[in-house]
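Visitor: Quick one, what's the 3D model for this:
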Amino acid sequence: MQSLDLFLIRHPLPRVAEGICYGRADLDLAEPVAPHGARLAGLLPADASLHSSPLRRCRQLAEALGPAPRLDARLQELDFGRWEGQAWDDIHRQEPDALDRWAQDTAGAAPHGGETALALQTRVLDWLAELQAAHDNAGAAVVVTHSGVLKALFGHWLDLAPADWHRLHFDFATVSQVRLGSYGPRILGLNR
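Guide: Alright, predicted model coming up:
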């Protein structure tokens, strides 16, 4: 396999109050997308394929970066089930045992009735395998997605357990670059 350069972008800041649990919620952006698109475009190869989560906060940036991004539901954020849209403080007050169970088994627990971290990682790695097969003769791909997806990918590449993904941080509207090749992943830049 030739190398594949991934330019992984976390969406800009969404319009949501601080302290609210959101994952699959389809939120608008808190600010205009054009300045982010213009700044990020200068960091990206012009001939790269363009992929995005279908959620508005990603899709709007992807559309600012190029025409007709390939939307894929596997690039969506973690599904927090009944916790979606609730304040973390309220969840803690209403379901302290559920939060404790989730903290103790980040990989496999889903007390919110949504998705586990391992289920998120599985769907994202399925998407990545498909992308790599489509780019088997080298190339580049720009991917606009969410923090949870980025943590699942980098957690895989760095061999981190889901309980350790919290150590990874991806700023809003930044690009991180990884080169995938026969020698394995090579991280070339973070949060640019």
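Visitor: Quick check: next helix or strand after the longest helix seen in the chain?
Guide: Criterion DSSP state H: the longest helix present in the chain is helix 117-134. For helix 117-134, the following helix or strand on the C-terminal side (DSSP states H and E) is strand 139-145.
Visitor: what does the longest helix of the chain rub up against?
Guide: 1, 4, 49, 51, 72, 74-75, 78, 106-108, 110, 141, 148-149, 152-153, 155-156, 162, 165, 180 (C-beta atoms under 8 Å, 6 or more residues apart in numbering). Any C-beta I mention is one placed from the backbone N, CA and C, and that applies to glycine too.
Visitor: again, only using 7 Å
Guide: 4, 72, 74-75, 78, 106-108, 141, 148-149, 152-153, 155-156, 162, 180 (C-beta atoms under 7 Å, 6 or more residues apart in numbering).
Visitor: Could I get the buried residue list for that helix?
Guide: Buried residues in helix 117-134, counted by 16 or more other C-beta atoms under 10 Å: 117, 118, 119, 120, 121, 123, 124, 127, 128, 131.
Visitor: what's the angle from the lowest-mean-pLDDT helix or strand in the chain to helix 117-134?
Guide: Evaluated with mean pLDDT, DSSP states H and E, the helix-and-strand set of the chain has its lowest mean pLDDT in helix 96-104, which scores a mean of 88. Taking axes from the mean of the first three to the mean of the last three C-alpha atoms, to 10 degrees, one finds helix 96-104 and helix 117-134 inclined to each other by 40 degrees.
Visitor: rewinding a little: what is the distance between the longest helix of the chain and the centre of its chain?
Guide: 12 Å (C-alpha atoms, centre = their mean, to the nearest Å).
Visitor: And stretch 174-190, by the same measure?
Guide: Counting by C-alpha atoms, centre = their mean, stretch 174-190 comes out at 15 Å from the chain centroid.
Visitor: Rounded mean pLDDT for the helix or strand residue 186 falls within, please.
Guide: Under the criterion of DSSP H and E, residue 186 resides in strand 184-189. The pLDDT scores in strand 184-189 average 94.
Visitor: Which of the contacts of helix 117-134 fall in strands?
Guide: 4, 141, 180 (DSSP state E).
Visitor: what bridges to the second one?
Guide: Under the criterion DSSP bridges, residue 141 forms beta bridges with residue 6, residue 49.
Visitor: contacting residues for it?
Guide: 4, 6, 48, 49, 51, 131, 135.
Visitor: per-residue pLDDT, the first one?
Guide: To tie it back to what came earlier, the one meant is residue 4. At residue 4, pLDDT is 94.
Visitor: hang on, isn't it packed against residue 135?
Guide: Yes - the pair residue 4 and residue 135 qualifies as a contact (C-beta atoms under 7 Å) at a distance of 4.8 Å.
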